[in-house]
Structures are given as C-alpha cells and as structure tokens.
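1. Provided below are the primary sequence and the corresponding predicted coordinates.
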Amino acid sequence: MRLYWEVVRVTARRMRTYRAATFAGVVTNTVFGYILAYVLLAAVRDGPVESVGAGAFGTRDAATFTFVAQGLLVAVGVMGTTMEMAERVKSGEVALDLARPYDYQGWWAAVAYGRAVFYLWARGIAPFLLGALAFDLRLPPEAWLWPAFLLAVALAIGLAFAWGFLLQMTAFWIVDVRGPNQLGWVTAQLLAGTFVPLALVPDDAERLVRLLPFASMIQVPVEVYLGMHRGQDLLAAYGGALAWLAVLVAAGRLVLARAERRVVVDGG
C-alpha cells in the first residue's frame, strides 16, 4: 500500500512542474465558467427548476454549479485528455509495466489520484474565486458538507479513472484509441452534467441518466457541495457511486486479464 501512496505523492509533485499549462487551464476554466454561467442564468431566470434527483435548482445554484464543476473537470478527469497508459501499450513499454511487482490497475489508479490532488487546488480554487467577482456564488451552508463533498469527489475520481481505464485498454486490440477515447468521454461529459446540469434535462431522461455511473462524476459531487443531498438520500448517492465503481473496476480487471494473455501470445 505504501507504494501506491508514494505514486500519489510523486505524481502530484510532478504535476507542479507544468506551471504554464496549469495557468492556461485556469484561464480556460474561468472563461468557460463565465460563458456557461450566463447561459444557465438565462435558463433559470424565470424561477427555480425542479430536479427529480435533488430538488429546486435556482439562479444562485446555477452560477455556483458552473464554477464548482469547472474546478472539478480536470481533477476528476472527465475531460479524458490523459492517454499515457494507451501510449505505453502502443510503444510496447507495457510489457515492462506488466512484469513489475505491482498491481497494474492499482498503479494507474494511484497516478489518477495523484493528478487529482494537484488539480483540485491548482485548477479548482482559482476559477471559483474569479467567478465570485461577478456572480453570487455560495459555499456549503453547513461545515459537515465539506467532508461529504470531498468523499463524493474521491468517488468521482475513482469512477472516472475506472471508465478511462476501460477506454485505454482498447489499445491492446486497436492501433489508434483516439476514436473510442473521444466517443467514450464525450458520452461521459454529456451524461455527467459537465456543461448542462441534469436539472435542465426532461424528468424521464434525468431519471435514466442518474441510474448510470456518469452523474456521480460531476453532477452528484456538486449537488453535495450545494447541500442538495442529506441523510438517506446522501447515503444512496454514495451507494450508487460505490456500486458502479465496483462494477467498472471488476470490468477493468477482466479486460486486463485478457490483455495480459494477448501480450504473452504476441511475444511481448
């Protein structure tokens, strides 16, 4: 276990070297935050929108949702821009990775959490503070919501990693994984509430989307931040995320087992 903690720590420290990219990312998240916030405010200006999963969603919620979501995009990994694992499969370096004395899936999960540790503060706080200069944003109404929010984010990171792991594992069977990767992440982004909160989706569609793992990547953590999930409802949100995390991790292990046999057959 200590190995994986070290991977988290070293990855977070490694990300600090990309200062220019981090600054550009903060600017991008802030600009998109302003654009999306004005669009959402126009959508709810006639009154709160009722969500089947979290109650009323008003103007202040819309603005806050936008900038909290923008701060989570890269930290959670829902943008799907990292393809390091697939690149190592393509180059053949994966043969060395699989021969090393650690769990392959666990290693890349630690890398994902290491990135998240850095991005949560480096690209999460600044867009929110800059958004607060022009919009009426709010903090969680009660202190206990902070740890509840962080737990929801931790589950979101795990879900995004497990989904991305499956997408990148296709590199064992196809030469260029950019197509499946882009298709898979565009689907995740749309269904996670990344750009449009699920409260604005028709009720029947919202109920269906909330049964999938993607809502727990962005929508649910932001709702927890806003205090929209409490008591049994909050436990149910955690339970749904944990159930999907178990399913996706198990699927990843099955695919990895098949991929390892393929490497042996191909002489890798």
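-> Ah, there it is.

2. which residue packs closest to Pro180, ignoring adjacent ones?
-> Thr170 (5.0 Å; C-beta to C-beta, 6 or more residues apart in numbering). Using the backbone N, CA and C atoms, a C-beta is placed for each residue, glycine as well.

3. quick one: low-confidence parts of the stretch 51-200 of the chain?
-> Filtered on pLDDT under 70, the stretch 51-200 of the chain yields the residue ranges 51-56.

4. circling back to that earlier point, can you report how many residues neighbour the residue nearest to Pro180?
-> 18 (other C-beta atoms under 10 Å).

5. From Ala250, how far out is it?
-> 17 Å (C-beta to C-beta, to the nearest Å).

6. on that earlier part again, quick one: the residue nearest to Pro180 from Leu183, how far?
-> To Leu183, Thr170 is 11 Å away according to C-beta to C-beta.

7. how about the strands of the stretch 51-200 of the chain, start to end?
-> Counting by DSSP state E, counting those that start in this stretch, the stretch 51-200 of the chain has strands at residues 55-57.

8. where exactly do the helices run in it?
-> With helices called from DSSP state H, counting those that start in this stretch, the stretch 51-200 of the chain shows them at 59-76, 84-91, 94-99, 104-122, 125-131, 145-169, 178-191.

9. was I right about the residue nearest to Pro180 contacting Gln182?
-> No. Counting by C-beta atoms under 8 Å, Thr170 stays clear of Gln182, with 11.9 Å between them.

10. highest average neighbour count across the helices of the stretch 51-200 of the chain?
-> helix 59-76 (a mean of 25; mean count of other C-beta atoms under 10 Å).

11. Hey, what's the angle from that one to helix 104-122? Just curious.
-> Going by axes from the mean of the first three to the mean of the last three C-alpha atoms, to 10 degrees, helix 59-76 is angled at 130 degrees with respect to helix 104-122.

12. elements contacting helix 59-76?
-> Where contact means 3 or more C-beta pairs under 8 Å, 6 or more residues apart in numbering; DSSP states H and E, helix 59-76 is packed against helix 19-44, helix 104-122, helix 125-131, helix 145-169, helix 219-225.

13. Could you tell me the angle between that helix and helix 145-169?
-> Going by the same axes, to 10 degrees, helix 59-76 makes 50 degrees with helix 145-169.
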